[in-house]
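**Q** The following block contains a protein sequence and its predicted model.
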Protein chains: 4
Amino acid sequence: MARIKTEIREQFMNQTRQALLNAAAEEFARQGYELANINTISNKAGFAKGTVYNYFPTKQALLLALIDDIAQEHFEHMQSAVITTEDPIGRLESFFQAGFEYVATQMHRARAMFNTVNSSNQEQKNHCFQAYQPMFQLIAAQILSPGMHQGIFRPVDPMSTALLLMTIYLGTASQVDEQGRPWLDPDQVADFVLRALRAAG
Amino acid sequence: MARIKTEIREQFMNQTRQALLNAAAEEFARQGYELANINTISNKAGFAKGTVYNYFPTKQALLLALIDDIAQEHFEHMQSAVITTEDPIGRLESFFQAGFEYVATQMHRARAMFNTVNSSNQEQKNHCFQAYQPMFQLIAAQILSPGMHQGIFRPVDPMSTALLLMTIYLGTASQVDEQGRPWLDPDQVADFVLRALRAAG
Amino acid sequence: MARIKTEIREQFMNQTRQALLNAAAEEFARQGYELANINTISNKAGFAKGTVYNYFPTKQALLLALIDDIAQEHFEHMQSAVITTEDPIGRLESFFQAGFEYVATQMHRARAMFNTVNSSNQEQKNHCFQAYQPMFQLIAAQILSPGMHQGIFRPVDPMSTALLLMTIYLGTASQVDEQGRPWLDPDQVADFVLRALRAAG
Amino acid sequence: MARIKTEIREQFMNQTRQALLNAAAEEFARQGYELANINTISNKAGFAKGTVYNYFPTKQALLLALIDDIAQEHFEHMQSAVITTEDPIGRLESFFQAGFEYVATQMHRARAMFNTVNSSNQEQKNHCFQAYQPMFQLIAAQILSPGMHQGIFRPVDPMSTALLLMTIYLGTASQVDEQGRPWLDPDQVADFVLRALRAAG
DNA sequence: TATGAATGAGAGTTCATTCAT
DNA sequence: AATGAATGAACTCTCATTCAT
């Protein structure tokens, strides 16, 4: 009984926490970290200013928790798309498609992440890279390695190439016009990358 | 006589202006726009706070003037490297080499520019793109077009490909470790891009 | 219960607001709007600088709220004095007596208002006139009109004469020596005005 | 010869000084003392910022010199109008007519003076009263005294009545609508005052 | 747990004044 | 006499954070 009560409470707390994270995503996306306003975030989430501090000790802790949330969701979205096929080429195409899809459907979260990854604050930037380690692993282990083993991709260093692909993904997916539409399309980018990776002959 | 006096004065003013721009580059690079401190900038340049406002009406105007300064210098550095050879492949290699070189030698200016290009402030971002138009033209007209005409590069849309290359350049050149060394090297990146661009066969 | 709590809180807030308005009156009276210092105001009220901005969005909003407060209090003071007698002559004498009384007892508030009414800032000046509309009505409807109807006052245009009387009141009541004592006394002024208004013969 | 040179120089200096005073009048009228900008004033006069300080040691000194200039001109304008007739009633009417005329023709100077007379700065206010002493004398000695001696005006205290008339003049002449037209006209005001002053019977 | 009044450090900007030219 | 670059004190306003309720 007490257990159940506790669970219900936790669920409520999680709801509040999620509401705050969602509102934070929107605000961090629109304004960037420095200009983001804690008051605006809490109000957007339907709470008062002080409530944020019941869940996150500081503004930066809120951002970093958000980044963790985003990175995990982002990773799961990409992974599930990538592993639906065995073909390394298809996987790479899926990677870019799923990536652009994520940016399109989770605009706020994606932009909050872009802003943080490009932040001049080293701590925030590093936290992003940490949180995105699984994504690098995904590229290296689930796309590049199989491709090289099957002789479809030329031999490359998996980690630095994963970094390059990730850079290309982040760079191209984050460039959008004033209406939020990307300047480049994922197939075009995937095609470009595939030509660069394909084994000769 | 008056002319000479005026010229000397203008030279002095330009010196002050340049000192402020240099200090601003350092501060904007280290802190990003929002955290950059006008007082710190002017002191770094050897002046009092108010002096900044004799040269730039607002903090943002200072940033945008700096971006113009950087973009021009950056462009000139790249252009002079690119046009030393007729060979499109060499030109593309030179482009990345000169690019990474610029980032290495003009660290502050380059980082200030990266921060601005990735800013969540649309006005600042747009200003960057405007200021970098010559660079896009350089890629399209001096590298891609000749390469395609000579049958060395496969046919691509020059502008969107220039955008892609620029994105790759900015993305890869801006990724540096804590000591400021790039994670990827220009030849590796140029090689990757060349494989993607080369005409089949 | 919640209602009671809310009421208590509101009462507290009103106390803070009033304390700020009182401190503001003192400061605006002594220094005028431009030289008035928000920090001084909040400290005088027993609060920190930022607290002012929990109640008034800007310095000018604080001034205008104060003007509204003063105008209402001022009007109520004058009205209650005026309507205690039916006699138009007595009413006019009461008007000036109560007016000088208000200035003497509410020195800060009165001076803050004088400063604002004479401000070179049109917006502030206009706000004063708006806030003092009831006072013009009081003069026209409760003093001049009855006086004319009873044949005690000669026929005059009520509104422009109300304006003239108000001008005379403000002008004479605001002239004080270094110790704050008025140069003219209300009975003298009332007598002067009465002679100008009385019906011939 | 040296004398002549000196005179020419003085004339030049006086020209510069006058240009500065005129520009100051405009700025002090529009903005009030605190918001008036020394740079704006000097530029309006066709000089650089520093030039002001060759003629006036401080901003306030500039204001006070301007007040002296205005008070003298204002007085001369009123005096010459007042003394054209021997009739005290005509003199009083002329006083208000000339007064409103001065405000209409020397709008900037008049408004600068109104702003200063109503300033919360005691020093500035007092300086105004000092500078306007001749005007009080004019009212008392050239209008009220003759009127009383001729039995046209009832007996009043000349100085306090002069103060009252001056207050009424300043109050009514300074009230203008957004187009700068006065709300009351001088004859109306003079008529009001005359009724208050006329000897009974 | 949720609230929101209070805090106060900190920032950008203005501008009277100085002074070397 | 005229200039205008440099100065730096002073000000308004913002906002992350605290804490009593």
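**A** Sure thing, it's come through.

**Q** which residues of chain A score low on pLDDT?
**A** Chain A contains residues with pLDDT under 70 at A:1-13, A:201.

**Q** just checking, A:Arg154 touches A:Arg195?
**A** No. Here A:Arg154 lies out of contact with A:Arg195, judged by Cβ atoms under 8 Å, at a distance of 11.0 Å. Just so you know, the C-beta spots here come from the backbone N, C-alpha and C atoms, and that holds for glycine as well.

**Q** could you say what helices and strands the helix or strand A:Phe129 falls within packs with?
**A** Secondary structure from DSSP states H and E places A:Phe129 in helix A:122-131. In terms of contacts (3 or more Cβ pairs under 8 Å, 6 or more residues apart in numbering or on different chains; DSSP states H and E), helix A:122-131 is packed against helix A:59-82, helix A:107-117.

**Q** what angle do the helix or strand following the first one and helix A:59-82 make?
**A** Heading C-terminal from helix A:59-82, the first helix or strand you meet, by DSSP H and E, is helix A:88-105. Orientation of helix A:88-105 against helix A:59-82 (axes from the mean of the first three to the mean of the last three Cα atoms, to 10 degrees) gives an angle of 140 degrees.

**Q** Which elements pack onto helix A:88-105?
**A** helix A:59-82, helix A:145-149, helix A:158-174, helix A:186-197.

**Q** re earlier: indicate which one of the helices and strands packed on helix A:122-131 is closest to D:Glu73.
**A** Among the helices and strands packed on helix A:122-131, helix A:59-82 comes nearest to D:Glu73, with 61.7 Å by Cβ to Cβ.

**Q** ok, A:Ala45 - contacts?
**A** Neighbouring residues of A:Ala45 by Cβ atoms under 8 Å, 6 or more residues apart in numbering or on different chains: A:16, A:19-20, A:22-24, A:51.

**Q** again with A:Pro186
**A** Counting by Cβ under 8 Å, 6+ apart, A:Pro186 has contacts A:93, A:96-97, A:99-101, A:173.

**Q** Return the member of those residues nearest to DNA strand E.
**A** A:Ala173 (31.3 Å; Cβ to the nearest atom of the strand).

**Q** What sits closest to that closest one if chain neighbours are left out?
**A** A:Val103 (4.7 Å; Cβ to Cβ, 6 or more residues apart in numbering or on different chains).

**Q** quick revisit: report the buried members of the contacts of A:Pro186.
**A** A:93, A:96-97, A:99-101, A:173 (16 or more other Cβ atoms under 10 Å in any protein chain shown).

**Q** And the residues you listed, which two are furthest apart?
**A** Maximum distance among the buried ones among the contacts of A:Pro186 (Cβ to Cβ): 14.3 Å, for A:Glu93 and A:Ala173.

**Q** what's the neighbour count on A:Pro182?
**A** 17 (other Cβ atoms under 10 Å in any protein chain shown).

**Q** how many neighbours does the residue nearest to it when sequence neighbours are not counted have?
**A** Counting by Cβ to Cβ, 6+ apart, A:Val176 is the residue found nearest to A:Pro182 once chain neighbours are left out, at 5.2 Å. A:Val176 has 17 neighbours, counted by other Cβ under 10 Å.

**Q** Please report how far A:Val176 lies from D:Lys125.
**A** With the distance defined as Cβ to Cβ, to the nearest Å, A:Val176 ends up 61 Å from D:Lys125.

**Q** now swap in A:Phe96 and tell me
**A** Counting by Cβ to Cβ, the gap from A:Phe96 to D:Lys125 is 75 Å.

**Q** do the same with A:Ala48
**A** For A:Ala48, the distance to D:Lys125 - Cβ to Cβ - is 49 Å.

**Q** now A:Ala131
**A** Distance from A:Ala131 to D:Lys125, by Cβ to Cβ: 66 Å.

**Q** can you check A:Met78 too?
**A** From A:Met78 to D:Lys125 the distance is 75 Å (Cβ to Cβ).

**Q** So which residues on chain A come close to chain B?
**A** A:29-32, A:34-35, A:111, A:114-115, A:118-122, A:160, A:163-164, A:167-168, A:170-172, A:174-175, A:178, A:183-184, A:188-189, A:192-193, A:195-198 (Cβ under 8 Å from any Cβ of the partner chain).

**Q** overlap between the residues you listed and the residues near DNA strand E?
**A** Restricting the residues of chain A next to chain B to those within reach of DNA strand E (Cβ under 7 Å from any atom of the strand) leaves nothing.

**Q** And the buried ones among those residues, selectable in ChimeraX?
**A** Applying 16+ other Cβ under 10 Å to the residues of chain A next to chain B, the buried members can be selected in ChimeraX as follows:
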select /A:29,31,32,34,111,114,115,118,119,120,121,163,164,167,168,170,171,172,174,175,184,188,189,192,193,195,196,197
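
**Q** Excluding residues flanking it in the chain, which one is nearest whatever residue of chain A ends up closest to chain D?
**A** The shortest separation between chain A and chain D is 30.2 Å, found at A:Leu35 (distances taken as Cβ to the nearest Cβ). Nearest residue to A:Leu35 in three dimensions, chain neighbours excluded: B:Glu34, at 6.3 Å (Cβ to Cβ, 6+ apart).
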